[in-house]
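**Q** sequence and predicted model, in that order:
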Amino acid sequence: MKNATVIFFALVGLAAGRVMAQQAVPAEMAPIQKNFNDYNTNSLQEKLFVHTNRNLCTAGELLWFKIYNVDGIYLRPLNISKVAYVEVLDNNQNAVLQTKITMKDNGGDGSLFIPLTMPTGNYTLRAYTNWMKNFSPDYYFSKKISIINPLKSPESAGKTNANAYDIQFFPEGGELVNGMESVVGVKATNQFGKGINFKGAILNEKNDTVARFAPLKFGLGHFTFKPENFGVYHAVIKIDGKEVQKKLPVIYANGYVMQLTDNGSGMLSVKINSNLPKENLYLFAQTRNVIKLIETTVCDNGTANFKIDKSKLGDGISQITIFNGERNPVCERLYFKRPQKQLMLSAATNAGGYGLRKRVDVAITAKGQNGMPEAADLSVAVYRIDSLQYDDKTNILNYLWLSADLKGTIESPEYYFNSNDALWPQTADNLMLTQGWRSFSWKDVFENKTRSFTFLPEFNGPIINGKITNQSGQKPAKDVFVYLGIPGKSVQLSASKSDSLGRLTFNMKAFYGPSEIIAETNTEIDTNYHIDILSPFSEQFAQTVLPHLDITPAMETSFEDQSLAMQVQNIYNGLLLKQFNEPRADSGAFYGEPAKTYLLDNYTRFTTIEEIMREYVREVNISRPHDQFRIKVIDGVGFLSENDPMVLVDGIPFFKMNKVFAIDPLKLRKLEVVPYTYYLGPSTEQGIFSFTSYKSDFGGAEIDPHAVVIDYEGLQIQRQFYAPEYDTEQKAYTRTPDFRTALYWSPYVVTGTDGNKNVSFYTSDLPGKYIGVIQGISQNGDAGSQTFTFEVKPYLSAQTNK
């Protein structure tokens, strides 16, 4: 683990160190540059994107998903974490579904069964890694999914009132200063975070109107405002015939006002106004924690101007900070640069319409921005769309380059990437003015704090965390060895030594499905302790409110159709929906290849363990002082170990030898011996004797009563996506109904070096309009998405399919 951690932080340092090699930095800013780089050297951030095969499911169906993992700086595929955590949350932030997904080669995939107990409504699907738990939950991946359940009536929506509107004001740069004109961003949303239309005005203490404002798009707008004579101002906003009054931010007597202007050329203008004495000001621009620009100028007569070459800023969101002469941050704002780098995907079906149970061929092409073919890792989903099912337009491109760097929900994120109307630059700037964003605190940077991390990256598999206290559970127990094992034929055991806070960390190999885990101390030495195994899922939540899922009369037909399709599939194809792929896990024991394996059926079957050990196990010496069995390891040159070796039964340590020697040997299948010192994490073992029973039941022996035994869910065992093939006439005319609404799902569609890939699938018995959604990314970080549509009609001529 130490070696892996060193490699991880070396990679992070290399990424964070690639800054400003070509530009001279003002001497006064050199310490801030150094502190900034030092602060970010060991804090590479992962970003996840999850492609779900659709956005609405019926209770009783499966939701399929693919996880993409990229680094937070260059947005390139990242192969660090090997486990991702996926949850479905209700509106009260309660986890209603949870699973752990194996990740390899930059991502992973899995599925969630939507139980029949889930009520109709909107839910949040979120995903994160163990490493991401060190940072704000605002930067976990999250998206809205909808569940409909015909067996449960949807909850009624609450009435909207004036207090439900959230109206916020954001002075550009951060503050309002008396006597200085400022641009003020305004954001107005309903209780579900959706932008609303409104009309507003700023009134002074005499109720005179000094400014008017309205949103441009998505409830976002801005206005210019100059507070004077320390007046008392308030805002009056009219929404749907209601009137709402709001206070403005605090007005300061002295300070700085910032105004960024993009005139559409290759340059940005940043103007600073101040009523403080003449001084040097510094502009510091960074994109995803990589410094792009540091400039200095003089603020004379209350005004300073900076020019920024936009080509020097990174694509996506940049943070621009102004420092005063004492090198304290005084103004800050965000700027969005539409990415030029993206994966250009195209998809073409071999026909526009198809009959029932007909083959659909789709030709997919991936190209870079330069038009050259590109190899890419893609996921493809095909499903029927109706009044319930929808395409939410969120894709891997707009998520990674925009939504992932902003707190809260971004309404219509695709607009900022695809729109070419005259409003989009100002709309994007309104978003930057009003959407909160902080990935670090300047105070921590200035104090040269080294980031401390509670959660380790899971390089090799799941990490299980625990805590050990005294018997009363009040005081942490320090420097206590605790062993955690997973009983079974595959011997998995980890040891941890508690720190000063009683924390335990167990590094486990990959294990799949539900199991028991057993944690215990060496009960020959320590018994007066209490062990808790902690949940691996995050206990931090972003503040999000989901809109109510309104079921209108027009949707009732689709509601019934979805329910019928689900029931037919489960009745006729239930077994096919429950096929799983065998996990590709290493079945070897944690200690590797043993020095000696005794298959007990190959030897004389004695009636006691003592006879077996004495008669043909050459690596052991047995004694019985005071009627207590003791064993010592004899290594290859005849030396005895000083201490007892570790003795395992079905992977679980047994510290009382009398219990082991009381096992019926006829219930044991084999014995593996490691006759040398073995280092199990912080624990040093004087050899290992590992017994395996026939039934994985410890040969009837009882676990020590001081041990903690709990049910624990391992990594998800992957299901197989069921999709029949009607490639013969006999199959096409089978009488088994096919009511699939999800026709195709493949999380791993890889284009070759020529950029091409063909996929095929068959339609079902359900006519309607279908959509295919493709998401993906190339190795150099080009992300892109594409959709295609086709129709399925009953009795459509086979000629249409050609």
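**A** Good, I have the coordinates.

**Q** relative to T102, how far out is K757?
**A** Plainly put, K757 is 24 Å away from T102 if you go by C-beta to C-beta, to the nearest Å. Using the backbone N, CA and C atoms, a C-beta is placed for each residue, glycine as well.

**Q** which one's more surrounded, those two?
**A** T102 (23 against 20; other C-beta atoms under 10 Å).

**Q** quick check: bridge partners of the more buried one?
**A** V83 (DSSP bridges).

**Q** what's the burial count for the nearest residue in space to K695 that is not next to it in sequence?
**A** Take K695 and drop its neighbours on the chain: the residue closest to it by C-beta to C-beta, 6 or more residues apart in numbering is K667, 7.3 Å away. By other C-beta under 10 Å, the residues close to K667 number 16.

**Q** do the same with Q426
**A** Q426: 15 neighbours (other C-beta under 10 Å).

**Q** ok, A723 to T124 distance?
**A** Distance from A723 to T124, by C-beta to C-beta: 29 Å.

**Q** neighbour-wise, which of these two wins?
**A** Taking other C-beta under 10 Å, A723 and T124 do not tie; T124 has more neighbours (22 against 17).

**Q** let me know the pLDDT of the more buried one.
**A** What the model reports for T124 is a pLDDT of 95.

**Q** does it touch K144 like I think?
**A** Yes. With contact defined as C-beta atoms under 8 Å, T124 reaches K144; the gap is 6.4 Å.

**Q** and the closest residue to S641 other than its chain neighbours, bridged to which residues?
**A** Setting aside the residues directly before and after it, S641 is nearest to Q686 in space (C-beta to C-beta, 6+ apart), at 3.8 Å. Per DSSP bridges, the residues bridged to Q686 are T677.

**Q** does the residue lying farthest from the centre of the chain belong to a helix, a strand or coil?
**A** Distance from the C-alpha centroid of the chain, by C-alpha atoms, centre = their mean, peaks at H626 (56.7 Å). Following DSSP: H, G, I helix; E, B strand; the rest coil, H626 is assigned to helix.

**Q** how near is it to D664?
**A** Distance of H626 to D664, computed by C-beta to C-beta: 24 Å.

**Q** G314 too?
**A** 68 Å.

**Q** of the two, who's got more company?
**A** Between G314 and D664, counting by other C-beta under 10 Å, G314 is the more crowded of the two (16 against 13).

**Q** run a quick neighbour tally on the residue lying closest to the more buried one once chain neighbours are set aside.
**A** Once flanking residues are discounted, G314 sits nearest to T287: 3.1 Å by C-beta to C-beta, 6+ apart. T287 has 20 neighbouring residues, counting by other C-beta under 10 Å.

**Q** list the contacts for T287?
**A** 313-319 (C-beta atoms under 8 Å, 6 or more residues apart in numbering).

**Q** could you do P682 as well?
**A** Contact analysis of P682 by C-beta under 8 Å, 6+ apart lists 481, 495-497.

**Q** the lowest-mean-pLDDT helix or strand in the chain: what's the following helix or strand?
**A** Least confident helix or strand, the chain: helix 2-16 with a mean of 47, by mean pLDDT, DSSP states H and E. Remark: after helix 2-16, the chain's next helix or strand is helix 30-41, criterion DSSP states H and E.

**Q** in that following helix, what's buried?
**A** 32-33, 35-37, 39-41 (16 or more other C-beta atoms under 10 Å).
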